[in-house]
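Trainee: Have a look at this prediction, sequence included:
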Amino acid sequence: GCSVEEPTGLKLGAVYSNEAFQQLLLDGMLQPSDCANPWDLSQLASAVKDKLGSQAPLVERLPREKYQFAKPNQGYLLAAALLAEGSVACVATLNFDLALSHAIAEVQAQGVSVVAGPESYRDFGSKAIVYLHRNVNETDPERWILRKEAIEDEWKDGWEAVAAQRIASAPVVVFAGLGSPALALTETLRRVRELVPDSTLAFL
């Protein structure tokens, strides 16, 4: 819910999920019985993929323009300031909106890289923001991490596992405002703590 506060002013993902479901019903692409819980975006994405063979119809019905031009609120500006001064090494987000990137620009933080997919992983420097589920700039709708299967399993063989390993290996990991599954992070952190006990402190 970190993007709800104004002026970012976005709705929760569950609301956008249900709105997209209603649009898909009106467009005759889904039936009410196709998704047991349309408020669950990952479940809806799986249902759309199963029925239509692609999650693109769902991505197309998400508020991509709002994601693109989202203004940073106080929380994002504080996160950007912490990155700018080096108090925080990395901020990973599951959000698709670009409010965090806009916050970096607003506070004129220097040397902060943006990692939004495997093509930009080489830019993962000492200060970075990581869009672990991709962001609205991803032009291929199939690459958006939405489906339940992608969140729970597919990341293990993708670049997300590499990024999560780097994030979870930090001496201190803080989960702030986590409102949706982030198994790439939590499962990786569990494995790191099994391999190197007491090396990483985690806070929620």
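Mentor: On my side now, so go ahead.

Trainee: Wait, a strand at residue 173?
Mentor: Yes: counting by DSSP: H, G, I helix; E, B strand; the rest coil, residue 173 is located in a strand.

Trainee: Run through the bridge partners of it.
Mentor: Counting by DSSP bridges, residue 173 forms beta bridges with residue 202.

Trainee: Show the contacting residues for the residue lying closest to residue 163 once chain neighbours are set aside.
Mentor: Distance criterion C-beta to C-beta, 6 or more residues apart in numbering; nearest residue to residue 163, sequence neighbours excluded, is residue 130 at 5.6 Å. The C-beta positions use only the backbone N, C-alpha and C, and glycine is treated the same way. The contact partners of residue 130, taken as C-beta atoms under 8 Å, 6 or more residues apart in numbering, are 90-93, 115-116, 124, 163, 167.

Trainee: So in terms of bridging, what pairs with residue 130?
Mentor: Residue 130 has these beta-bridge partners by DSSP bridges: residue 92, residue 115.

Trainee: one step back: closest one of the contacts of residue 130 to residue 104?
Mentor: residue 91 (9.4 Å; C-beta to C-beta).

Trainee: now that closest one: how far from residue 5?
Mentor: Applying C-beta to C-beta, to the nearest Å, the value for residue 91 to residue 5 is 16 Å.

Trainee: Of those two, which one has the most company?
Mentor: More crowded of residue 91 and residue 5, by other C-beta atoms under 10 Å: residue 91, with 22 against 15.

Trainee: what bits of this protein have low per-residue confidence?
Mentor: Where the chain drops to pLDDT under 70, the residues are 178-181.

Trainee: mind listing the strands in it by residue range?
Mentor: Here the chain has its strands, by DSSP state E, at 90-93, 113-115, 128-131, 172-174, 201-203.
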